[in-house]
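Chemist: with the sequence up front, the predicted model follows.
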Amino acid sequence: MSFQQGALTVYKAGVLTVVGFGGQDALANVNLAECRDDLVNLIKEHSCKTLAFDLTGVKLIPSGTLGLIAAMRKRDVDVHIYNPSEDVRDVLEITKLDTIISVHEVEIPK
């Protein structure tokens, strides 16, 4: 069961919280301030310890959105990225974000 919280699709909320961007292929129109507030609220409301971003279908991710994802580490949560595209994976490697954020390929149940 998923629900919308602003620009985010929340697939699971709890100690492990999994969020995504509703299958958008480019995240150019994401309001970063609103998204940050939504993420902080999810972390607090659900005592989240691991925050996972499902990037299935995302082909292009702006640097501001990557910065937001990385900044969530300051909220005392482990940050994971699921299913980044090849282009997103390349950016994670070039920026060395893949050394501080766990990157996974996972099967997403339909």
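Modeler: Looks like it came in fine.
Chemist: how near is residue 19 to residue 101?
Modeler: 14 Å (Cβ to Cβ, to the nearest Å). In short, each C-beta sits where N, CA and C put it, glycine included.
Chemist: name the element the most centrally placed residue in the chain belongs to?
Modeler: Closest to where the C-alpha atoms of the chain average out (Cα atoms, centre = their mean) is residue 53, at 2.6 Å. Following DSSP states H and E, one finds residue 53 within strand 50-54.
Chemist: partners of that strand, with directions?
Modeler: Sheet pairing of strand 50-54 (DSSP bridges) gives strand 16-20 (parallel), strand 78-82 (parallel).
Chemist: which helices and strands sit right next to the very next helix or strand once past the last one?
Modeler: Going back to what we said before, that points to strand 78-82. Note on strand 78-82: by DSSP H and E, the next helix or strand toward the C-terminus is helix 86-94. Using 3 or more Cβ pairs under 8 Å, 6 or more residues apart in numbering; DSSP states H and E as the contact test, no helix or strand touches helix 86-94.
Chemist: which of the strands paired with strand 50-54 is buried the deepest?
Modeler: strand 16-20 (a mean of 20; mean count of other Cβ atoms under 10 Å).
Chemist: so how far is that one off the chain centroid?
Modeler: How far strand 16-20 lies from its chain's middle: 7 Å, per Cα atoms, centre = their mean, to the nearest Å.
Chemist: what about it, average pLDDT?
Modeler: Strand 16-20 shows a mean pLDDT of 93.
Chemist: the next helix or strand after that strand: how far from the chain's middle?
Modeler: For strand 16-20, the following helix or strand on the C-terminal side (DSSP H and E) is helix 32-45. With Cα atoms, centre = their mean as the basis, helix 32-45 stands 11 Å off its chain's centre.
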